[in-house]
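# Give me coordinates for this.
(one chain, ligands or ions: 1)
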Amino acid sequence: MPLVKATAIVLKSLKWGDADRIVTCYSKERGKLRGVARGARRLKSRFGAALEPFSLCQLNLFEKTGDSLYRISHVDLVRSSQKLRESLGLIDSAARMVNVVAAITPDGDPDPLLFETLVQGLASLHESEDPTFMALLFQIRLLGVTGFRPQTDQCATCGKTHFMGDPQFSPVAGGLVCLPCAAHQRVRCVALSRGSLSFLQQAIRLDPTIVTRLRASGQVRGEVEAAIEGYVTVVAGKRLPSANFLSVAGS
Ligand SMILES: [Zn+2]
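Below you'll find the model as predicted:
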C-alpha cells in the first residue's frame with residue numbers, strides 16, 4: 001500500500017462504526033477524497049480535533065488498490081477550525097463553502113487553484129464581520145475557477161450585447177439573458193439592477209486579494225445573492241443545505 005502525503009481541507013466528517021470516522025477532504029494533491037480514520041472518536045484519539053470540518057491539515061494516507069477509500073494513518077493540524085465552529089453564523093458560511101466544493105468537484109481530480117480558493121475563502125471568515133457576504137464572494141470566485149464563470153457581458157443564450165430594460169440573470173444559462181431569451185428559461189430569472197450587475201462584474205474580475213474590500217447592501221446584495229444561489233443550485237444539481245449540523249456537531 002503506497003503512502004500518500006496530502007495537504008487538505010476537511011469538508012465533512014461522519015461517524016462510522018463504533019469508533020471511526022469517514023472524512024471527506026479536498027486536497028491539493030489528489031482533489032476530493034474520502035478516508036477512514038480508525039479510532040478517531042475514541043477519547044484519546046491520536047487524531048485529536050484535526051479532522052473536524054473546515055480544518056486545514058497534512059494527511060498521511062494509504063491507498064488500497066481497487067478501493068476509493070483511503071486509510072488515514074497520521075494527521076498534523078495546520079490551521080484549526082475551532083473559531084469557525086464557535087458561532088452559527090460562521091458555521092453556516094463555512095459549511096456553505098465546503099458544501100459547494102463537495103457538490104461540484106469529482107473525486108480524485110486535483111485543482112491547486114480551487115484548493116487555494118477554498119483555503120483563502122475559509123481564511124476570509126476569520127477576518128470578516130460579515131461571514132455570509134464572504135461566502136457569497138467565495139461562491140462567485142469558485143464558479144469562476146471551476147469553469148462556471150457567470151456570463152455578465154452578453155446574453156448567455158443568444159449573444160446579444162445590448163439589452164432593453166433591467167438585465168435578467170438566468171440560473172440555467174449561467175449568466176445574463178436578454179428579455180426575449182429570459183421568457184424561454186425553464187427556471188425563473190432574477191432581475192438585476194445596473195448596480196447589481198456592476199457588483200457581480202467586479203466580484204468576478206477583481207483580484208482575490210482585494211475582492212473582500214467590495215461592499216454590497218440592500219437591493220444589490222439581495223439580487224446578487226438570489227442570482228448566485230439559483231446558479232449554484234443548478235451547477236450542483238441540487239439545493240444545498242447552508243449548514244450540515246449533523247456532521248459539524250457529531251463527535
Ligand atoms: Zn438573448
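
# Check which helix or strand residue 143 maps to.
Per DSSP states H and E: residue 143 is located in helix 131-145.

# any idea whether residue 76 is helix, strand or coil?
Under DSSP: H, G, I helix; E, B strand; the rest coil, residue 76 falls in the strand class.

# and it, how many neighbours?
10 (other Cβ atoms under 10 Å). Just so you know, the C-beta spots here come from the backbone N, C-alpha and C atoms, and that holds for glycine as well.

# Same check on residue 123?
Residue 123, neighbours per other Cβ under 10 Å, totals 15.

# picking up where we left off before, so after the helix holding residue 143, what's the next helix or strand?
Where DSSP H and E defines the elements, the next helix or strand beyond helix 131-145 is strand 168-170.

# And for the closest residue to the ion within the stretch 1-150 of the chain, nearest residue in space, chain neighbours not counted?
The stretch 1-150 of the chain approaches the ion most closely through residue 150 (15.1 Å), counting by Cβ to the ion. Excluding its sequence neighbours, the residue lying closest to residue 150 (Cβ to Cβ, 6 or more residues apart in numbering) is residue 175, at 4.8 Å.

# my guess is that neighbour meets residue 169, correct?
Yes. Residue 175 is in contact with residue 169 according to Cβ atoms under 8 Å; the separation is 6.8 Å.

# who's more crowded, these two?
Neighbours were counted for residue 175 and for residue 169 using other Cβ under 10 Å; residue 169 has more, 30 against 23.

# which residues does the more buried one bridge with?
residue 176, residue 190 (DSSP bridges).

# ok, back up a step: so how far is the ion from the residue nearest to residue 150?
Note on residue 175: its distance to the ion, by Cβ to the ion, to the nearest Å, is 10 Å.

# Which pLDDT does the model give that residue?
We have a pLDDT of 95 for residue 175.

# list the contacts for it?
When contacts are counted by Cβ atoms under 8 Å, 6 or more residues apart in numbering, residue 175 touches 150, 151, 152, 156, 169.

# Scan those residues and report the most crowded one.
Counting neighbours by other Cβ under 10 Å, residue 169 leads these with 30 neighbours.

# thought that one was touching residue 176?
Yes. Contact between residue 169 and residue 176 holds when scored by Cβ under 8 Å: they sit 6.0 Å apart.

# list residues touching both of the two?
residue 192.

# Packing partners of the longest helix seen in the chain?
Secondary structure of the chain per DSSP state H: the longest helix is helix 218-236. Where contact means 3 or more Cβ pairs under 8 Å, 6 or more residues apart in numbering; DSSP states H and E, helix 218-236 is packed against helix 88-104, helix 131-145, strand 168-170, strand 190-191, helix 194-205.

# Would you point to the one among those that's packed deepest?
Among the helices and strands packed on helix 218-236, the stretch with the highest mean neighbour count (mean count of other Cβ atoms under 10 Å) is strand 168-170, at a mean of 27.

# And the ion, is that strand touching that?
No. Counting by Cβ under 5 Å from the ion, the ion is not contacted by strand 168-170; separation bottoms out at 9.4 Å.

# Which residues of this protein lie near the ion?
Counting by Cβ under 5 Å from the ion, the residues of the chain close to the ion are 155, 157, 158, 160, 178, 181.
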